[in-house]
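**Student:** take a look and give me a structure for this.
(one chain, ligands or ions: 2)
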Amino acid sequence: TQSTRPQRLLSAVQKNATRGDPCSVVKAIDQFCRSKEWAMNVGDEKGCILDSVVSEVNPTTVLELGTYCGYSTVRIANLLPPHAKLITLEFNPDFAAIARQVIAWSGLEEKVQLVEGASGDLIPKMKEDFGVKTFDLVFLDHWKDRYLPDTKLMEACGLLRKGSILLADNVICPGTPDYLEYVRSSPRYESQYFKSHLEYTKVEDGLEKSVFLG
Ligand SMILES: Nc1ncnc2c1ncn2CCOCCNC(=O)c1cc(-c2ccc(F)cc2)cc(O)c1O
Ligand SMILES: [Mg+2]
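**Tutor:** Ligands and ions are numbered 1, 2, ... in the order given. This is a model prediction of the structure:
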């Protein structure tokens, strides 16, 4: 039977990265996506911006929407202080299965809780089922038309506190126009655009960082 792209990406990690070395896992995926097959990871260029925001926030509780193969999960978890937790939500069970193995190969499974399901169903369960009070950082990288409804849902569920940071991928390509309009015009957010490129290409894309003002 034919292998899938995520399966080929995992094989590249198991072949080229060192178990327990998150940086080698990140490098192996970037090398695979540049030299073999494009894949929708946040990538190395936007990944550096992600790293700088994570380091600046130094979060204790992080929510990632859209795990895919776990590339950004590994980048974020690698920068978390001890006892910090990253909850990552993935809708597609095949992607989730690959991501679990990529995260395990990096040796960061202690810091990561991967939950399978749709963000719209899981966000309302964060407090009760996952013991979350509020998130210090949310990385949005799932369906682009879910960014805005899920942000409103997190507000309604009391999952954001004064100073919580939302970092959104793909605000230009594929684009999230309704989300951008909302966080840039709402008095409850202070937003900043980090211009970059769509992963592994020269196409413009960027990350939008928005601070929730309470
Ligand atoms: N827990 C959940 N709840 C709801 N939905 C969920 C979920 N978990 C996953 N999903 C759904 C889908 O997740 C993947 C979303 N990501 C992208 O679609 C994406 C696409 C491109 C891209 C593709 C083609 C081009 F030509 C140009 C750009 C680039 C990117 O960087 C992307 O991130
Ligand atoms: Mg993305």
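**Student:** and the residue of the chain found nearest ligand 2, how far is that from Thr176?
**Tutor:** The chain approaches ligand 2 most closely through Asp169 (3.7 Å), counting by Cβ to the ion. In this view, the C-beta of every residue, glycine as well, is placed from N, C-alpha and C. To Thr176, Asp169 is 9 Å away according to Cβ to Cβ, to the nearest Å.
**Student:** show me which of these two is the more surrounded one.
**Tutor:** Asp169 (30 against 23; other Cβ atoms under 10 Å).
**Student:** quick check: closest non-adjacent residue to the more buried one.
**Tutor:** In this structure, Asp169 finds its nearest non-sequential neighbour in Asp141, 4.3 Å apart by Cβ to Cβ, 6 or more residues apart in numbering.
**Student:** that neighbour: neighbour count?
**Tutor:** Counted with other Cβ under 10 Å, residues neighbouring Asp141 total 25.
**Student:** ok, Phe194 next?
**Tutor:** 17.
**Student:** hang on, Leu79 packs against Val54?
**Tutor:** Yes. Using Cβ atoms under 8 Å, Leu79 is in contact with Val54, at 4.7 Å.
**Student:** who has more neighbours out of those two?
**Tutor:** Val54 (24 against 20).
**Student:** what about the more buried one, distance to Gly175?
**Tutor:** 24 Å.
**Student:** same question for Cys23.
**Tutor:** Taking Cβ to Cβ, one finds Cys23 at 31 Å from Gly175.
**Student:** same deal with Glu181?
**Tutor:** In this view, Glu181 and Gly175 are 11 Å apart by Cβ to Cβ.
**Student:** same check, this time on Ser119
**Tutor:** From Ser119 to Gly175 the distance is 18 Å (Cβ to Cβ).
**Student:** who's more crowded, the two?
**Tutor:** Comparing Ser119 with Gly175 by neighbour count (other Cβ under 10 Å), the higher total belongs to Ser119, at 22 against 12.
**Student:** since that was my last question, I'll sign off now.
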